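> Give me a model of this one.
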Amino acid sequence: MDCSVESLTKTSYEAMAKVFLGLGSNLEDRAQNLEIAIKRLGEVLEVKRISSLRESPALLLPNAPQAFNRPFLNLVLEGRYSGTPEALLSACASIEESLKRERLVKWAPRTIDIDILEVDGVVQEEEQLTLPHPSCLERAFVLDPWAEIAPRYSFMGKRIIDQARSHARHQPSLMGILNVTPDSFSDPGLNRSTEQIERTLDRWDAIPLGWIDIGAESTRPGSQELSTAEEWERLVPPLKQLKGRYAGKILRPKISVDTRWGITAARAIEMGADLINDVSGLRDPEMIEVLKGSNVQVVLMHSLSVPPQPQDVLTEKEHPMDQLLKWFEIRLEQLEKEGISSSRVILDPGFGFGKHSLQAVRILKAIDALRKFSLPVLSAHSRKSFMSDFTSASASERDAETLGISLGLLGRGVEILRVHDPVLHHRAILAWAHSR
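Model prediction:
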């Protein structure tokens, strides 16, 4: 979670080195252990960015006791540190000790584990500390959260996101869809009241959810366009609700706002939004100006019309993925010229927008091709209409089909799954990880 952590920093720093730390816990209250560790790290270094939480199976030695098989919560933290790597190692060990980390048996369950992954490109091999961490490339639970906060950071001669994608256990984070519209195509009116939203969030808080995407305007075919005033009126209550719910928490889901209007994006950013999810492909000139004046991330989604019109689809003369690759290349170049770094961009192929059902399936089969940009990819296929070619289930009942497609995307260069039922997805992906 790329959240502000200035309040954690108590010291003035000079000549600071960029450091990346990997944190994990699989004993007692795992999230609380990680929260405490981050706060204490904030007293010795400047915390810049924190990934969302990931859950993974424990690493086990042969014949390890059954009691050791406890899933970990993991994250990666980026910071700035002015001391020596050895001094940082000592500080991390002290924090582990304060959280009652025991070291009696290798890879036994532990309240906290803090590994120094990288210190500004330093290479050393000492008895107490080897840099970079020798096991980074073997661990998807390190590479995946690292790629979330620094996808284009170069590590061992290759960008982190490319290192993550080459791992057999590469898996995405989850984005829960919180529609506050009365006319959504799949869950109309489900989260219209404070009480309904609370029930949804209570369920979602049981898992390490990466993102919550709030949408106030339905973009289903035939939907009515909202004014920006109407859109904002719908967005304010859930944004206030989320702000209150996660106040004071370091480890919270990032907040994404689904809007295609710059004026709405500006207001959402003022209220703490971490991400703007624009289904129009950033067509509004005011949106560009808003993004230039902020540092939030942005979803760049391919679309031909919003709401989608049946006649506006990709040409049949060329593979749909080839058309997407050309479009993304042009748009990314345009954004760079406007002063919006590609490092802030997440790519979305735009299922349901400008593609007929067979084209959507062809894009799914070729989604690996988007790796060429070395940028995070978001797949928003959940309950979409193209599934009607192979299921008779109504939109609200397509979670099984959605999950089937999601599992088929694992290990294929997709970093975020935007889904209606993230709890179901988390359970399935964790089981998948245990079976690898």
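> okay, CA-based contacts and neighbour counts for the rest of this
Fine.
> Next, the buried residues of stretch 266-278.
266, 268-269, 272-278 (16 or more other Cα atoms under 10 Å).
> Please read the previous query as pertaining to stretch 161-173.
Neighbour-count burial for stretch 161-173 [16+ other Cα under 10 Å]: 161-167, 169-173.
> same deal with stretch 136-146?
Of all the residues in stretch 136-146, those buried under the rule 16+ other Cα under 10 Å are 136-137, 140-146.
> coming back round to it: now, which of the buried residues of stretch 161-173 lie within helices?
Residues of the buried residues of stretch 161-173 located in helices (DSSP state H): 161-165.
> Including pLDDT and distance to residue 396, could the residues you listed go into TSV?
Shown next, in TSV, are these (pLDDT from 0 to 100; distance: Cα to Cα, whole Å):
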residue	pLDDT	distance to residue 396
161	98	33
162	98	35
163	98	36
164	98	33
165	98	32
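> export the residues you listed to a markdown table and tack on distance to residue 124?
Formatted as a markdown table, these follow (distance: Cα to Cα, whole Å):
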| residue | distance to residue 124 |
| --- | --- |
| 161 | 24 |
| 162 | 24 |
| 163 | 21 |
| 164 | 23 |
| 165 | 26 |
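> for the buried residues of stretch 161-173, which one is nearest residue 61?
Comparing the buried residues of stretch 161-173 against residue 61 with Cα to Cα picks out residue 169 as the nearest, at 18.4 Å.
> Hmm, residue 140 and the closest one touching each other?
Yes: Residue 169 lies in contact with residue 140 (Cα atoms under 8 Å); the separation is 5.8 Å.
> how far away is residue 333 from residue 53?
For residue 333, the distance to residue 53 (Cα to Cα, to the nearest Å) stands at 32 Å.
> more neighbours, the two?
More crowded of residue 333 and residue 53, by other Cα atoms under 10 Å: residue 53, with 26 against 13.
> Show the contacting residues for the more buried one.
73-75, 145, 208-210, 251 (Cα atoms under 8 Å, 6 or more residues apart in numbering).
> could you redo the last one with a cut-off of 6 Å?
If you count contacts by Cα atoms under 6 Å, 6 or more residues apart in numbering, residue 53 has them with 74-75, 208.
> which one of those residues sits closest to residue 403?
residue 208 (17.5 Å).
> Tell me how many other residues crowd the closest one.
22.
> Spit out the contact partners of it.
Neighbour list for residue 208: residue 53 [criterion: Cα under 6 Å, 6+ apart].
> again, only this time at 7 Å
Contacts for residue 208 (Cα atoms under 7 Å, 6 or more residues apart in numbering) come out as 53-55.
> Could you tell me whether it really is in a strand?
No: the assignment for residue 208, made by DSSP: H, G, I helix; E, B strand; the rest coil, is coil rather than a strand.
> Look up how far residue 50 lies from it.
14 Å.
> so where's the stretch 151-300 of the chain shaky on pLDDT?
Residue ranges of the stretch 151-300 of the chain with pLDDT under 70: 183-192, 220-223.
> re earlier: now the two most distant members of the buried residues of stretch 266-278.
Across the buried residues of stretch 266-278, no pair lies farther apart than 272 and 278, at 16.8 Å, counting by Cα to Cα.
> what about stretch 377-385, start to end distance?
21 Å.
> Make residue 1 into 21 and carry on from there
Happy to do that; since the first residue is 21 now, the last one works out to stretch 397-405.
> for residue 312, phi and psi?
Backbone torsions of residue 312, given as degrees, to the nearest 10, read phi -60, psi -30.
> neighbours around the closest residue to it other than its chain neighbours, how many?
In space, and not counting its chain neighbours, residue 312 is closest to residue 360: 5.9 Å by Cα to Cα, 6 or more residues apart in numbering. Number of residues near residue 360 (other Cα under 10 Å) recorded here: 22.
> any idea whether residue 360 is helix, strand or coil?
Relying on three-state DSSP, one would call residue 360 coil.
> returning to that earlier point: ok, the contacts of residue 228 vs residue 276, which is closest?
Scanning the contacts of residue 228 for proximity to residue 276, where the rule is Cα to Cα, the winner is residue 73, at 16.4 Å.
> Tell me how far the closest one lies from residue 122.
For residue 73 relative to residue 122 (Cα to Cα), the value is 23 Å.
> ditto for residue 355
Residue 355 is 50 Å from residue 122, by Cα to Cα.
> Check residue 305 too.
From residue 305 to residue 122 the distance is 56 Å (Cα to Cα).
> Report the outermost residue of this protein with respect to its centre.
Centroid-distance maximum for the chain: residue 147 at 35.6 Å, with Cα atoms, centre = their mean.
> Next one: it from residue 200, what distance?
Taking Cα to Cα, one finds residue 147 at 56 Å from residue 200.
> same check, this time on residue 288
Counting by Cα to Cα - residue 288 and residue 200 are separated by 15 Å.
> Kindly report the same for residue 442.
The gap separating residue 442 from residue 200 is 17 Å, by Cα to Cα.
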